[in-house]
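In: Would you be able to build a 3D model of this:
(chains A and B)
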Number of protein chains: 2
Amino acid sequence: MKIVILGAGNLAWHLAPFLRKNGHEIVAVYSRTKFSAVALANKVKAIPIDKIEDIPSNADIYIVALQDKAVRSVLKSLKFIPNCIAHTSGSVSISVFPKQFKNTGVFYPLQTFSKTRKVNLNEVPFLLESSNLKTKKILSSLANSISTNVHFITSDKRKKIHLAAVFANNFVNHLYSIASEILKESKLPFDLLKPLILETAGKILEDSPEKMQTGPARRNDQEIIKSHLQLLKGQKNRKAIYSLLNASIIDKFKVKAK
Amino acid sequence: MKIVILGAGNLAWHLAPFLRKNGHEIVAVYSRTKFSAVALANKVKAIPIDKIEDIPSNADIYIVALQDKAVRSVLKSLKFIPNCIAHTSGSVSISVFPKQFKNTGVFYPLQTFSKTRKVNLNEVPFLLESSNLKTKKILSSLANSISTNVHFITSDKRKKIHLAAVFANNFVNHLYSIASEILKESKLPFDLLKPLILETAGKILEDSPEKMQTGPARRNDQEIIKSHLQLLKGQKNRKAIYSLLNASIIDKFKVKAK
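Out: Residues are numbered from 1 along each chain as shown, chains lettered A, B, ... in the order given. Okay, the predicted model is just below:
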């Protein structure tokens, strides 16, 4: 397919080359930042575009990989009705598209992307949604050409998945940050925790996280919990997070205090 | 070395066979639960023991892999002074040993263990502590015979590491649980989140978690945050956890609300 990519952020940076590698043609890359448009366009032999009015109108599909906030305004500024257009956001509804657009949809890869780290898109779940059968076929064909993990999901369910992803990705990463700071303050290297972090994630492949839960809160071991709170004395944010997550685990398993 | 293992829980279950595989002899396995003692002893061709007074006194080293709560009472009940003894707990001080014991230490593998899942102990950080030079040499030799990641660390620093591990392992796993429940309630499979969870963990190998932070809180995107809080309406625990971690990320990065 002939594809135009709108956006040159982390997702576009991974998606565009991967589409090209799998036989698609990237016609143009739009970003309001010229430098970003050029950088990604060069990577995928496309035309860089930094003015919305210059976006070519003849592509088979337009993929909107912009920040959530920018999606609506860029869509409004498009000077033509695209053959088919889909956004890539977890939390933006399919109803975001202007009414005159007919073939609209969602093309949401459930993964976290950084520019520097390679991700295997083959295994990434692509969560799709479409306004009609024609779009459904186009998005399905495009997603299946790059991933073995393709699902059609409604906007409501996609929002729930996005919320779950905030817990499993954003909040988890923030806990990594806190752990890393605790070590740093004792002049200990974060490397010490890396095998544990990888194994904690790896374990969910074996059984449900509920069954994998361990630790002082799981056993309701008040002696250790008290000593941890002592270590966190005066650290308001951390202590609040410790207390709340600790209580939530205790509440979940309802083990009597030892 | 001739080793006696006290305990037959998750850690002992992995450690004993790995020590044996690396040329050590497991003389005996003690557990107050006969069934557990027999199961692990069979695995490592050792004598199963379920009465403290039957523990042989002639081993080179005794490894106490019991639950934190049981360590002190079992140590008190030992009928002899061991040649060398070390416990495996992250949060128990080296001062837990009875005064008459001379060669005492800590042999703490910083990892999470489940009976069913194989862990590569080679790469697990072993955090050691010793009461004297003789013990230091024994523990160092034992740890280096099974792992390439061996460190001597004081009890105080070990406690900080254990606290950090609670954030990076126990609390992270609890967030996986919450994410899994959110999906289950919408009849969505937890499998959808697995690539994201593995990648979130994998990313910390590239750069600090601070730099890897993404998501609505990182951008202070109040529109999405509001819609998430709306989805969490009436769910007291989850909403509190969402709000607190969200605020903590916003506070950390101090991005102006969009």
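
In: Now do the same for the helix or strand hosting A:Ile178: mean pLDDT, whole number.
Out: Using DSSP states H and E, the secondary-structure element containing A:Ile178 is helix A:172-185. Averaged over helix A:172-185, pLDDT sits at 98.

In: by how many degrees do it and helix B:172-185 diverge?
Out: 170 degrees (axes from the mean of the first three to the mean of the last three C-alpha atoms, to 10 degrees).

In: need the next SSE after helix A:172-185, C-terminal direction.
Out: Defined by DSSP H and E, the subsequent element after helix A:172-185 is helix A:194-203.

In: near chain B, anything from that next one?
Out: Yes: using C-beta under 8 Å from any C-beta of the partner chain, a contact is recorded between helix A:194-203 and chain B, made by A:Lys194, A:Pro195, A:Leu196, A:Ile197, A:Leu198, A:Glu199, A:Thr200, A:Ala201, A:Gly202, A:Lys203. The C-beta positions use only the backbone N, C-alpha and C, and glycine is treated the same way.

In: now, which of the residues you listed sits nearest B:Lys159?
Out: A:Leu196 (15.7 Å; C-beta to C-beta).

In: Can you get me a residue count around that closest one?
Out: Number of residues near A:Leu196 (other C-beta atoms under 10 Å in any protein chain shown) recorded here: 23.

In: tell me the contacts of it?
Out: Applying C-beta atoms under 8 Å, 6 or more residues apart in numbering or on different chains to A:Leu196 gives the contacts B:Leu110, B:Gln111, B:Thr112, B:Ala165, B:Ala168, B:Asn169.

In: before we move on, which element is A:Ile26 in?
Out: When secondary structure is defined by DSSP H and E, A:Ile26 falls within strand A:25-30.

In: need the contact list for the closest residue to chain B within the stretch 51-200 of chain A.
Out: In the stretch 51-200 of chain A, the residue found nearest to chain B is A:Asn170; the distance is 3.2 Å by C-beta to the nearest C-beta. Contacts here follow C-beta under 8 Å, 6+ apart; on that basis A:Asn170 touches B:Gln213, B:Thr214, B:Gly215, B:Pro216, B:Ala217, B:Arg218, B:Leu245, B:Ile249.

In: re earlier: now do the helix holding A:Ile178 against helix B:194-203, angle only.
Out: Using the same axes, to 10 degrees, helix A:172-185 lies at 20 degrees relative to helix B:194-203.

In: chain center to helix A:172-185, what's the gap?
Out: For helix A:172-185, the gap between its own C-alpha mean and the chain's C-alpha mean amounts to 21 Å (C-alpha atoms, centre = their mean, to the nearest Å).

In: what do you get for stretch A:238-247?
Out: Using C-alpha atoms, centre = their mean, the mean C-alpha position of stretch A:238-247 is found 26 Å from that of the whole chain.

In: repeat for stretch A:144-163
Out: For stretch A:144-163, the distance to the chain centre is 11 Å (C-alpha atoms, centre = their mean).

In: same question, stretch A:63-78
Out: Put simply, stretch A:63-78 sits 17 Å off its chain's centre (C-alpha atoms, centre = their mean).

In: taking the mean pLDDT, what do you get for it?
Out: 94.

In: Does A:Ala201 touch B:Lys203 like I think?
Out: No: A:Ala201 sits out of contact with B:Lys203 when judged by C-beta atoms under 8 Å, with a separation of 10.5 Å.

In: State which helix of chain A is the longest.
Out: Taking DSSP state H as the criterion, chain A has its longest helix at helix A:236-253.

In: Would you indicate which residues of that one are buried?
Out: Residues of helix A:236-253 classed as buried under the neighbour-count rule (16 or more other C-beta atoms under 10 Å in any protein chain shown) are A:Arg238, A:Ala240, A:Ile241, A:Tyr242, A:Leu244, A:Leu245, A:Asn246, A:Ser248, A:Ile249, A:Ile250, A:Lys252.

In: ok, which of these also contact chain B?
Out: For chain B, the contacts drawn from the buried residues of helix A:236-253 by C-beta under 8 Å from any C-beta are A:Ala240, A:Ile241, A:Tyr242, A:Leu244, A:Leu245, A:Ser248, A:Ile249, A:Lys252.
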